[in-house]
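Q: pasting the sequence and the predicted coordinates here, then a few questions.
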Amino acid sequence: MLTKEELQSNLHQAMRDGDDVRKRTLRMVLTAVKLAEVEKMEALDDAELIAVIQKEAKMRRESIEFAGRAERQDLIGDLESELAVLNTFLPQPFSAEELRALAQEAITEAGATGPQDMGKVMKILMPKVQGRADGKAVSEAVRGLLATE
């Protein structure tokens, strides 16, 4: 798993290589990690570190969307570059088929029979996909499967 030391090592390498985008992005991530550690009053574990990076990536995706609406191509390019750097540190996301299969397993495990059981299914499924799937995508997959039953 990813550690804070690996992020710092990557930052040092980016500084040696003169990679400004990577350097800027890693500094922002390390700052967010430090802030999270101060709030928690202890070092972050692997899952929490990944969660911080996911939060930063989500912020970039939302900013890209807003910049697109404002027709700010200059901002979109920078944000996409930062997002690409962040994605190198995140675990590989589940494909739609893998997510659907996991959702089906959770539905079977929960004994869900319809949309009213979505909460039960999500409670079982979310810990399994933590860090590898967006909550919105998980919700849509479960909702689609429950609607067909």
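A: Good, I have the coordinates.
Q: ranges for the helices of this structure?
A: Here the chain has its helices, by DSSP state H, at 4-17, 20-40, 46-69, 73-87, 96-110, 118-129, 135-148.
Q: and this protein, what are its domains?
A: As assigned by automatic domain parsing, the chain contains the domains 4-87, 96-148.
Q: okay, these in CSV with mean pLDDT next?
A: Shown next, in CSV, are the domains of the chain (pLDDT from 0 to 100):
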stretch, mean pLDDT
domain 4-87, 93
domain 96-148, 85
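Q: let's have these in TSV, adding mean neighbour count.
A: Using the backbone N, CA and C atoms, a C-beta is placed for each residue, glycine as well. Listed next are these as TSV, based on neighbours: other C-beta atoms under 10 Å:
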stretch	mean neighbour count
domain 4-87	15
domain 96-148	16
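Q: and the spatially most central residue of the chain, how far from residue 13?
A: Nearest to the mean C-alpha position of the chain, counting by C-alpha atoms, centre = their mean, stands residue 54 at 3.2 Å. Noted for residue 54: a distance of 23 Å to residue 13, by C-beta to C-beta, to the nearest Å.
Q: got a list of what residue 43 touches?
A: Contact partners of residue 43, counting by C-beta atoms under 8 Å, 6 or more residues apart in numbering, are 4, 37.
Q: mind running it again at 10 Å?
A: Going by C-beta atoms under 10 Å, 6 or more residues apart in numbering, residue 43 touches 3-4, 33, 36-37, 49.
Q: then residue 62?
A: residue 79.
Q: for the remainder of this discussion, apply numbering that starts at 457.
A: Fine by me, first position is 457 from now on; the one you just mentioned is residue 518.
Q: that one and residue 538, how far apart?
A: Taking C-beta to C-beta, one finds residue 518 at 13 Å from residue 538.
Q: do the same with residue 503
A: Where residue 538 is concerned, residue 503 sits at a distance of 22 Å (C-beta to C-beta).
Q: please apply the same query to residue 469.
A: 17 Å.
Q: same thing with residue 531?
A: With C-beta to C-beta as the criterion, residue 531 and residue 538 are 11 Å apart.
Q: overlap of the contact sets of these two?
A: What both residue 531 and residue 538 touch, as defined by C-beta under 10 Å, 6+ apart, is the set 519-520.
Q: so the residue nearest to the centre of the chain makes contact with residue 546?
A: Yes: under the criterion of C-beta atoms under 10 Å, residue 510 makes contact with residue 546 at 6.4 Å.
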